[in-house]
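Student: can you look at this prediction? I've put the sequence above it.
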Amino acid sequence: MGKHYHYLSTTNRVTLMFLKRQGLSLRAIASELNRSPSTLSRGLQRRTIEGQPYDAKAAGLAARSARLHCRHLRKLVEGTDLHEVVVDMLRNKWSPQQISGTLKAMFPHHREF
């Protein structure tokens, strides 16, 4: 296993669902899928409705929805005046540090710079 987290695939979810219903332990399922038992445990905890068995289809839909809604709002939106200023500075070979420092000086009350 590497140090990077990889989402459970549809095949992994379906296999997890069937093997869990057959009564296999998480360690046995993890070995079968070549995944960490903690990854499977987290997947089960996050995507199982209390009192109901794990459903691979519902879990996949919920995981995709969570990934779409976890995105941070962009600070630099294309088409705004701020975007144009930053693009102009970049074209004039300003470094990101120079741009950030200048924007902080120009707009001292904006916390996002």
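Tutor: Thanks, I have it. Numbering: from 1, shown residues only.

Student: contacting residues around residue 60?
Tutor: 10, 13 (CB atoms under 8 Å, 6 or more residues apart in numbering). For the C-beta atoms, the positions are set from N, CA and C on the backbone; glycine is no exception.

Student: quick check: mean pLDDT of the helix or strand where it lies?
Tutor: Counting by DSSP states H and E, the element that carries residue 60 is helix 56-69. Helix 56-69 carries an average pLDDT of 88.

Student: need the CA coordinates for that helix. CSV is fine.
Tutor: The C-alpha trace of helix 56-69 is given here as CSV (Å, rounded to 0.1, in the frame of the first residue of the first chain):
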residue,chain,number,x,y,z
ALA,A,56,-22.6,-0.4,-2.9
LYS,A,57,-24.7,1.6,-5.3
ALA,A,58,-25.9,4.1,-2.7
ALA,A,59,-22.4,4.3,-1.3
GLY,A,60,-20.9,5.1,-4.7
LEU,A,61,-23.5,7.8,-5.4
ALA,A,62,-23.0,9.4,-1.9
ALA,A,63,-19.2,9.3,-2.4
ARG,A,64,-19.4,11.0,-5.8
SER,A,65,-21.8,13.6,-4.4
ALA,A,66,-19.4,14.3,-1.4
ARG,A,67,-16.5,14.8,-3.8
LEU,A,68,-18.3,17.3,-5.9
HIS,A,69,-19.5,19.3,-2.9
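
Student: so where do the strands sit in this structure?
Tutor: In the chain, no strands are found when defined by DSSP state E.

Student: list the residues that contact the most centrally placed residue in it.
Tutor: Taking CA atoms, centre = their mean, the centroid of the chain lies closest to residue 67, which sits 5.1 Å from it. Residues in contact with residue 67 (CB under 8 Å, 6+ apart) are residue 7.
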